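Visitor: Okay, predicted coordinates and the sequence, questions at the end:
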Amino acid sequence: MKVKPRVKVWLEADEGSVMGRGGAELLKGVLDEGSLRAAAERLGVSYKYAWNYLRKIEGKLGVKVAASIRGGSERGRTVLTEAGKLLLLKYMRFSRFLNNALENPEMWEACGISIPDKNVVPGRVRLVKVEGPAAMVKVEVGASVEIVAAISSASADELNLKPGDDVKVIIKATEVMISKEEPM
Amino acid sequence: MKISARNMFSGRIVRVERDGALARVWVSVENVEEVTALVTSEAARELELKEGDKVEVVFKATEVIVAKDGG
């Protein structure tokens, strides 16, 4: 099974969901094209749908995000208001941050989810000793080989670790030291 | 020398691979699969690590992650 994690970003106000990716693309379209009709075309939605979407965003926020310019040579144009630009910027920031986090192996490592250059050794729990905030876990990984792990009591609790459990012990390769006797 | 690390296993180096500032060392530990250590090339040079060397792999208990399937 090969799966990949994804995130969806949307902005929320007290009144509920303001906009998700579709809304952000619509705002971006208006910003680029200067026209709601062109923005709707770009997204492959009807003008009416796009218009309603903008009104929905404005209803939730209580401010205008796009304004139509009438008259003069600029007739029929739609532009983003300052509030609209700010909203788009916020969305893009959040979404960039989360997507960067997804692509960043160090973030995954920090969560203990994915570790490059690791040693994974299957074993069986022999002992769990919880003492205050820390727990000492002894795992038998081979005949007469036992690995000692000091983990948080919370983790031991979360994993419901008990003797007899089949587990994997993971040790980052950078945390392994090599000791060698000096030649006599 | 006494050492506080709770995990210490004797083994034999099966391969050393230098890659710039880091060196990857594979150690075969009896009754266990191979253990990989990523050390600085400087350390590998200083200890003259090479295939066949009898060494010990050492790591602290606090650096060990325990994972269990199905929580």
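Guide: Structure's in. What do you need?
Visitor: Just the helices from the chain, written as ranges.
Guide: Since you didn't name a chain, this refers to chain A. Here chain A has its helices, by DSSP state H, at A:21-33, A:36-43, A:47-61, A:82-103, A:105-110, A:153-158.
Visitor: that's the other chain; I wanted chain B
Guide: Under DSSP H, chain B gives helices at B:41-46.
Visitor: Residues of chain B that sit close to chain A?
Guide: By the rule Cβ under 8 Å from any Cβ of the partner chain, the part of chain B lying against chain A is B:5-9, B:24-25, B:27, B:29-33, B:35-39, B:43, B:47-49, B:53-69, B:71. C-beta coordinates here come from the backbone N, C-alpha and C atoms, glycine included.
Visitor: and if we set it to 6 Å?
Guide: B:6-7, B:25, B:31-32, B:35-39, B:47, B:55-59, B:61-68 (Cβ under 6 Å from any Cβ of the partner chain).
Visitor: Go through chain B and flag its longest strand.
Guide: Once chain B is assigned using DSSP state E, the strand that runs over the most residues is strand B:7-19.
Visitor: got the contact list for it?
Guide: Contact with strand B:7-19 is made by A:147-148, B:24-29, B:41, B:49, B:51, B:53-59, as judged by Cβ atoms under 6 Å, 6 or more residues apart in numbering or on different chains.
Visitor: Please identify the buried residues of it?
Guide: With burial defined by 16 or more other Cβ atoms under 10 Å in any protein chain shown, the residues of strand B:7-19 counted as buried are B:N7, B:F9, B:G11, B:I13, B:V16.
Visitor: could you redo those as CSV and give each row pLDDT?
Guide: Formatted as CSV, these follow (pLDDT from 0 to 100):
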residue, pLDDT
B:N7, 94
B:F9, 93
B:G11, 94
B:I13, 96
B:V16, 96
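Visitor: Quick check: which ranges of chain A have low pLDDT?
Guide: Scanning chain A for pLDDT under 70 picks out the ranges A:1-2, A:71-75, A:105-106, A:108-116, A:184.
Visitor: how about the residues of it near chain B?
Guide: So chain A meets chain B at A:112, A:117, A:119, A:137, A:141-143, A:145, A:147-151, A:159, A:167-171, A:173-180 (Cβ under 6 Å from any Cβ).
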